[in-house]
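Participant: mind folding the following:
(one chain, ligands or ions: 2)
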Amino acid sequence: MLSNLITLKKSTFSSLGRYFSIKLPDEPSFLEQVGLYFDQAAKYTDLPQGLLKYIKGCNVVLSVKFPIELTRNGKSDLHVVEAFRAQHSHHKLPTKGGIRYSEDVCQNEVEALASLMTFKCACVDVPFGGGKGGIKINHRKFTEEELQRITRRFTVELLQKKFIGPAIDVPAPDYGTGPREMGWIMNTYTAYNPDDINGHGVVTGKGIRQGGIRGRAQATGLGLYFAVRETMKLEKNAKSIGLSVGLKDKKVIVTGLGNVGYWAAHFFNDLGKSKVVGVSEWNGAVYNPDGLDVEALLKYKQEHGTLLNFPGAQNIPNPEDIMSMDCDILLPCALEAQINKTTAPKIKAKVIGEGANGPCTFEGDRILNEKGCIIVPDLYANAGGVTVSYFEWLKNLSHVRFGRMTKKYEENSKSILVDKLETKFGKKFTDREKKLIVQGAGEEDLVNSGLESTMVDSFKQIEEIKNTQKISYRMAAYILSIKKIALSYTDVGLWP
Ligand SMILES: NC(=O)C1=CN([C@@H]2O[C@H](COP(=O)(O)OP(=O)(O)OC[C@H]3O[C@@H](n4cnc5c(N)ncnc54)[C@H](O)[C@@H]3O)[C@@H](O)[C@H]2O)C=CC1
Ligand SMILES: O=C(O)CCC(=O)C(=O)O
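Facilitator: Numbers count the residues shown, from 1 in each chain. Ligands and ions are numbered 1, 2, ... in the order given. You can find the predicted model right below:
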């Protein structure tokens, strides 16, 4: 039945060529895969078929081609750039999701990623519809000035088609993009819309000086840490995979030392007291069973452009091979489809925390589940980024830094309380204790606290469905999201 479905879908798309994303032989495409998860989860709901069909499909996709003048080997010529923006669902506005720069970008991929964004936002109660965009380029092959022209030109394309705006569709960083690109997009948008007082809210993941929020850079990695921490807090989970409760001393492997991967490695080390034993990049991986110094490794990558030959570590020239090395927890944080029919059987990790979107193919997921692994699924595990993007957007709309009006007030009133306690009990707090008690919450404290409570609350909701239905975390997260999205339609009805 399933294989029939896969064959049917594949033949439907087979003539479309560039429509497909990273394609593995005999495996469904990324978009088909998200659709298959959706269909499985939908069976656990009693929602009408028509509504389910509407929730599943992508509402609208923009596909553009534009020229950029490039000089290569002393010769100037036009280069045609292909780019996409998908808005999967408008049940909440604006639509929200990153923009990635990668040679693998195609319509199938952005549609899959946009639908994941819809389910992700619903899963963690972030009031946005799902969107995603991408420019089909290898960002390593362009200068900064060229990337700026490409980014600004794409922004103008989005503007002309009314595909961007603080109330319409709000991009953020993704693979190959970061605060620099978000700054260019915002600057282009505000140049064309000088009277939009909320113009800064047109993108999130900006630099702090451009109106970004403290804690956004770390948010996806920190959220991933919270997600796996909550999973491994439960004795029944730890027992089922033969590990002790918690993250302390667990051996961790991370693929992709970019934004998500670096911060995840940092927090597993720093807060979780885990041991990061392996890290991969596109051009090679390193492994050390005694643990790698994550901060030194990042510095090494920045200086040498590779992780290979990092002092004290074993070189793994083919990055894919790092996933079959000994570890307890695997955090795939690069692109999709890394864990597939071929690589999944070799994986030794018992827990997979999906930092990337779609890192396990449908077959990879099935194989890991058969092996008894616990998979903390993307739509929950990497939702920290969009959660803090939501906080950044709120900051931009309110035009004030969180904590600015409360920090000092909080500190003053807590100081009075500390003085009273000291007088009443005739005992002094140490200076360190006093500082810890009195300190008011600044922007980053509030962001991290909001992020942690979001990840903890959503975990509880997913766990409850998982226990009732006896299903995987992925299925439980999909069911949770689908039901929430359905409610937003049934509550108010359809109009017009
Ligand atoms: N940036 C964010 O806030 C969020 C990102 N994600 C997802 O996380 C993943 C990574 O995104 P970012 O960290 O933002 O991108 P990034 O561009 O900052 O980092 C990705 C890293 O992976 C490396 N890489 C490329 N191919 C590789 C391979 N074959 N093996 C190992 N490493 C490889 C790249 O060189 C790069 O350093 C993507 O799937 C993205 O959609 C999900 C939620 C939020
Ligand atoms: O921060 C955001 O708005 C979106 C992040 C993103 O692209 C993702 O969660 O996949």
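Participant: quick one, what contacts the closest residue to ligand 1 within the stretch 201-350 of the chain?
Facilitator: Scanning the stretch 201-350 of the chain for the residue nearest ligand 1 gives G258, at 1.6 Å (criterion: Cβ to the nearest ligand atom). Yep, even glycine has a C-beta here, placed from its N, CA and C like the rest. Listed by Cβ atoms under 8 Å, 6 or more residues apart in numbering, the contact set of G258 reads 175, 333-334.
Participant: ok, so of those, who is nearest I316?
Facilitator: A334 (14.4 Å; Cβ to Cβ).
Participant: so who does the closest one touch?
Facilitator: 175, 255-256, 258, 261, 280, 282, 356, 359.
Participant: so how far is G355 from it?
Facilitator: A334 is 9 Å from G355, where distance means Cβ to Cβ, to the nearest Å.
Participant: one more: R180?
Facilitator: For R180, the distance to G355 - Cβ to Cβ - is 21 Å.
Participant: more neighbours: the two, which one.
Facilitator: Set side by side, R180 and G355 show more neighbours around G355, with 33 against 15, by other Cβ atoms under 10 Å.
Participant: pretty sure that one sits against L222.
Facilitator: No. Counting by Cβ atoms under 8 Å, G355 sits too far from L222 to count as a contact (11.0 Å).
Participant: buried sites along stretch 457-468?
Facilitator: Judged by neighbour count using 16 or more other Cβ atoms under 10 Å, the buried positions of stretch 457-468 are 458-459, 461-463, 465-466.
Participant: got the end-to-end distance for stretch 195-204?
Facilitator: 19 Å (Cα to Cα, to the nearest Å).
Participant: check whether stretch 184-198 contacts ligand 2.
Facilitator: No. Under the criterion of Cβ under 6 Å from any ligand atom, ligand 2 is not reached by stretch 184-198; the shortest gap measures 12.4 Å.
Participant: what about that stretch, average pLDDT?
Facilitator: What stretch 184-198 shows for mean pLDDT is 98.
Participant: tell me who's in contact with T71.
Facilitator: Counted by Cβ under 8 Å, 6+ apart, T71 has contacts D77.
Participant: so how far is ligand 2 from it?
Facilitator: T71 sits 32 Å away from ligand 2, going by Cβ to the nearest ligand atom, to the nearest Å.
Participant: give me the common contacts of A334 and G355.
Facilitator: Contacts common to A334 and G355, judged by Cβ under 8 Å, 6+ apart, are 256, 261.
Participant: dihedrals phi and psi, G133?
Facilitator: phi -140, psi 170 (degrees, to the nearest 10).
Participant: please apply the same query to I416.
Facilitator: Dihedral angles for I416 - degrees, to the nearest 10 - are phi -60, psi -40.
Participant: also V252?
Facilitator: Dihedral angles (degrees, to the nearest 10) for V252: phi -120, psi 140.
Participant: one more: R85?
Facilitator: phi -140, psi 120.
Participant: from the contacts of G258, which is closest to P317?
Facilitator: Closest to P317, out of all of the contacts of G258 and judged by Cβ to Cβ, is A334, at 16.4 Å.
Participant: only the buried residues of the strand or helix carrying L480, if you could.
Facilitator: According to DSSP states H and E, L480 maps onto helix 473-490. For helix 473-490, burial by neighbour count (16+ other Cβ under 10 Å) applies to 473-486.
Participant: cool, stretch 394-413 as well?
Facilitator: Within stretch 394-413, the residues that qualify as buried are 395-396, 401-403, 407, counting by 16+ other Cβ under 10 Å.
Participant: closest to V202 among those?
Facilitator: Of the buried residues of stretch 394-413, the one sitting nearest to V202 (Cβ to Cβ) turns out to be N396, at 8.4 Å.
Participant: ok, the closest one to S458 distance?
Facilitator: Taking Cβ to Cβ, one finds N396 at 24 Å from S458.
Participant: check E295 too.
Facilitator: In terms of Cβ to Cβ, E295 sits 30 Å off from S458.
Participant: let's verify G272: helix, strand, or coil?
Facilitator: The assignment at G272 comes out as coil when based on DSSP: H, G, I helix; E, B strand; the rest coil.
Participant: so what's the backbone phi/psi at the residue nearest to it when sequence neighbours are not counted?
Facilitator: The shortest distance from G272 to any non-neighbouring residue, by Cβ to Cβ, 6 or more residues apart in numbering, is to L247 (3.6 Å). Backbone torsions of L247, given as degrees, to the nearest 10, read phi -110, psi -10.
Participant: now do the contacts for L247.
Facilitator: Contacts of L247 (Cβ under 8 Å, 6+ apart): 228-229, 232, 268, 272-274, 329.
Participant: export those to CSV and tack on neighbour count?
Facilitator: Formatted as CSV, the contacts of L247 follow (neighbours: other Cβ atoms under 10 Å):
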residue, neighbour count
V228, 29
R229, 22
M232, 27
F268, 26
G272, 21
K273, 12
S274, 26
I329, 27
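Participant: which stretch of helix or strand covers F267?
Facilitator: Assigned by DSSP H and E, F267 falls in helix 259-270.
Participant: which helices and strands does that helix pack with?
Facilitator: When contacts are defined as 3 or more Cβ pairs under 8 Å, 6 or more residues apart in numbering; DSSP states H and E, helix 259-270 sits against helix 216-233, strand 251-255, strand 275-281, helix 294-304, strand 329-332.
Participant: contacts for the helix or strand following the third one?
Facilitator: In the C-terminal direction, the helix or strand that comes right after strand 275-281 (DSSP H and E) is strand 284-287. Strand 284-287 is touched from outside by 253, 255, 277-280, 292, 297, 306-308, 310, 313-319, 321-322, 325, with contacts defined as Cβ under 8 Å, 6+ apart.
Participant: just stretch 392-409 next, same as before
Facilitator: Contacts of stretch 392-409 (Cβ under 8 Å, 6+ apart): 166, 170, 197-198, 200-201, 204-206, 211-213, 216, 391, 440-443, 445-447.
Participant: now that stretch, how far from the centre of its chain.
Facilitator: 24 Å (Cα atoms, centre = their mean, to the nearest Å).
Participant: was I right to think V252 contacts D328?
Facilitator: Yes. Judged on Cβ under 8 Å, V252 makes contact with D328 at a distance of 7.1 Å.
Participant: for stretch 305-315, buried residues please.
Facilitator: 306-308, 310, 313.
Participant: G246 against E235, yeah?
Facilitator: No. In this structure G246 lies outside contact range of E235 using Cβ under 8 Å: 10.2 Å.
Participant: ok, these two, which is more surrounded?
Facilitator: G246 (14 against 10).
Participant: residue numbers of the stretch 301-450 of the chain in contact with ligand 2?
Facilitator: So the stretch 301-450 of the chain meets ligand 2 at 357, 382, 385-386, 389 (Cβ under 6 Å from any ligand atom).
Participant: can you pull out the helices in the stretch 351-496 of the chain?
Facilitator: Remark: helices assigned in the stretch 351-496 of the chain by DSSP state H, counting those that start in this stretch are 362-370, 378-381, 384-398, 407-425, 431-438, 443-469, 473-490.
Participant: correction: the previous question concerned the stretch 51-200 of the chain.
Facilitator: Under DSSP H, counting those that start in this stretch, the stretch 51-200 of the chain gives helices at 107-123, 144-160, 179-192.
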